[in-house]
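1. Turn this into a model:
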Amino acid sequence: MTKPHDNLNHEPDQLPTQLHPTHLWLNWLIGGACVFYILSAITLPFANKVWIGEMPIFGLLQLPKAFLKSVIHDALLIAVQQFGWSAGSRSPDYIMTHLWAMISMTVGPALILLITLLFFRTDRRWVLPLIALISCATIDAVATLGFDAWSNLKLFNGSFL
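-> Alright, predicted model coming up:
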C-alpha cells in the first residue's frame with residue numbers, strides 16, 4: 001500500500017531552495033532599479049507641474065539621472081576636444097554631445113546591471129527579472145528622452161561638476 005506522499009516527485013530541481021546571498025542581492029538590485037525606473041517615468045511628465053518655491057518636487061527624482069548625465073556629458077566634451085572634433089566653442093560641442101550623453105545616461109545603468117546579472121547567472125529563473133529590467137528601463141528611457149525634447153523644464157542640462 002502506498003502512502004499519499006510516496007507519489008510526490010522529490011527531484012532536487014523541484015525542491016525549494018534558499019537563494020544564495022549574491023542572488024538575493026541581485027534580486028533587490030533589480031527590483032529597486034525597476035521601481036526607480038517606473039517612478040521616474042511616471043513622475044517625469046508632472047515634473048513642471050508641482051513646485052515648492054524654486055524646486056520642482058517631481059524633478060527631484062530625476063537628480064540621480066541628471067548627475068549621471070552631467071558626468072557623462074563632461075567626459076564626452078573632453079573627448080571631443082582631445083580627438084580634435086571640437087567646433088571651437090563650448091556651445092556647439094555641448095549641443096553635439098547632448099543626445100549621446102542622454103542615451104548613455106538612460107541605457108548605461110540598465111546595461112551594466114544586465115551584464116552583471118548575466119555574469120552571475122544565466123538560469124531560466126533570471127528570464128523574468130531580465131525582461132522586467134529591460135522593460136522598465138525602456139519605458140523610462142522613452143519618457144526621459146521625450147521629456148527632454150518637448151519640455152521647457154530642462155532637468156538634464158545642468159552641470160554638477
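2. Tell me the buried residues in stretch 46-60?
-> 47, 56, 58, 59 (16 or more other CB atoms under 10 Å). Just so you know, the C-beta spots here come from the backbone N, C-alpha and C atoms, and that holds for glycine as well.
3. can you count the residues close to the closest residue to residue 87 other than its chain neighbours?
-> On the basis of CB to CB, 6 or more residues apart in numbering, the spatially nearest residue to residue 87 that is not a chain neighbour turns out to be residue 93, at 5.8 Å. One way to gauge burial is a neighbour count; for residue 93, by other CB atoms under 10 Å, it gives 18.
4. which residues touch residue 93?
-> Under the criterion of CB atoms under 8 Å, 6 or more residues apart in numbering, the contact list for residue 93 reads 77, 80, 81, 86, 87.
5. Same check on residue 157?
-> Residues touching residue 157, when contacts are defined by CB under 8 Å, 6+ apart, comprise residue 98.
6. now, the most widely separated pair of the contacts of residue 93?
-> Between any two of the contacts of residue 93, the greatest separation by CB to CB is 11.3 Å, found for 77 and 87.
7. what about these two, which has more around it?
-> The residue with the greater number of neighbours, taking residue 77 and residue 87 and applying other CB under 10 Å, is residue 77; the counts read 18 against 12.
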